[in-house]
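In: When you get a sec, could you give me coordinates for this:
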Amino acid sequence: MGFYHDDVILMTTFPDAAPAGWMFYVKPFNWHVYLLLGCCLLLMTVVLSIMDITFVRENARCPLTGEKKTGLAFIASWTWKAFEALFGGLIGRAVAHEAVSRSGRVLLWAWMLMCLVTVAAYTGKLTSNSVVTKQPVPFNSLSELVQRTDYRWGLAKGTLEEHTFATSNLSDYRQYYERAERTGEEPVSELLAGNFVQVTSAAFYRVQKQVNCRMAVVKERLYQDTFAIHLQKDSPYTALFNQVLARATEQGLLDYLKREWFPQESSCQDNETRVMPVSVELVKTAFIIAALGVLAAAVVLILERLIKGGITL
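Out: Model (predicted):
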């Protein structure tokens, strides 16, 4: 007579939720948004430059400095000022350039208003991304698992689970068995390494869940194992054991022993949220951007000196 039943399950770990490295700063917007912002920046630069250059030429001199300017250097200078003002607003920087034409000022105000909304949306999304919600396991059944190539899986050597999969006629079981790695009965290190699945008992999962909240179970239960006391065939003690086990079940003794000695449900919450700690790996992208900015500034400085003939190499 069976005295205990336990599910055989697919055990894995929750996938990482937060993007690593520079992707953390790119994720807030879809790539279409970045493309649209880049196109708008270039278009607005051209339009603002044309407005201000036309206004200065019509008035024969710059209303800010009182100087008359013409030629390619004049056009390049005003184009750069327009780009600097528009790009500065896009990254939340105060605009130093003031448009000289009324139409240019209106255009600049509209751009700053758009930048205000865009920067607020980006900042809010970046903040929300730092609050990590555990991601669900990306498959719900054995049939979905065997179709994936980004996961490995295992079977404990010499166990009943290995024998069941080896002798099964089900195609999903056969695919799992043929590609499965042979592991020990408690492959904790393989599971914690990520992207690994193990066929095991629900009892093993409950034990490990008490230690590590990263442990997860796939929604589908494969089958049930029955635990029983095995005696010799036609043993005279079979009826006695069945009678005692039946009485212990009716009186609730087996349930009491299970509550007393078996691992209970973990206190982990699968939908738990937490604030992601800021690590060096995460913020190194910001330092790389700063270093590239210093390099770009040095290149611009050298080009300015070379153009003006003020540097000797």
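
In: Please enumerate the helices of the stretch 151-300 of the chain.
Out: Listed in chain order, the helices of the stretch 151-300 of the chain (DSSP state H, counting those that start in this stretch) span 160-167, 171-179, 188-192, 202-211, 238-250, 253-261, 280-308.

In: in the stretch 201-313 of the chain, which segments are predicted with low confidence?
Out: Across the stretch 201-313 of the chain, residues meeting the criterion (pLDDT under 70) sit at 262-286, 293, 308-313.

In: could you redo the last one with a cut-off of 80?
Out: Within the stretch 201-313 of the chain, the ranges that satisfy pLDDT under 80 run 225-230, 245, 248-294, 296-298, 300-301, 303-313.

In: Tell me who's in contact with Phe83.
Out: Listed by Cβ atoms under 8 Å, 6 or more residues apart in numbering, the contact partners of Phe83 are 41, 45. C-beta coordinates here come from the backbone N, C-alpha and C atoms, glycine included.

In: now do 6 Å
Out: The contact partners of Phe83, taken as Cβ atoms under 6 Å, 6 or more residues apart in numbering, are Thr45.

In: Helix or strand for it, just tell me which one.
Out: Take DSSP states H and E as the rule and Phe83 turns out to sit in helix 72-90.

In: chain center to that helix, what's the gap?
Out: 37 Å (Cα atoms, centre = their mean, to the nearest Å).

In: Now the longest strand belonging to the chain: buried residues?
Out: For the chain, the longest strand by residue count, based on DSSP state E, is strand 215-228. Within strand 215-228, the residues that count as buried by 16 or more other Cβ atoms under 10 Å are 215-218, 222, 225.

In: And for Arg93, the neighbour number?
Out: By the criterion of other Cβ atoms under 10 Å, Arg93 has 12 neighbours.

In: Output the helices of the stretch 151-300 of the chain in CSV; the columns should cover distance to Phe24 and mean neighbour count.
Out: Output for the helices of the stretch 151-300 of the chain, formatted as CSV (distance: least, Cβ to Cβ, whole Å; neighbours: other Cβ atoms under 10 Å):
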stretch, distance to Phe24, mean neighbour count
helix 160-167, 39, 15
helix 171-179, 33, 15
helix 188-192, 23, 16
helix 202-211, 29, 17
helix 238-250, 54, 13
helix 253-261, 44, 11
helix 280-308, 6, 11
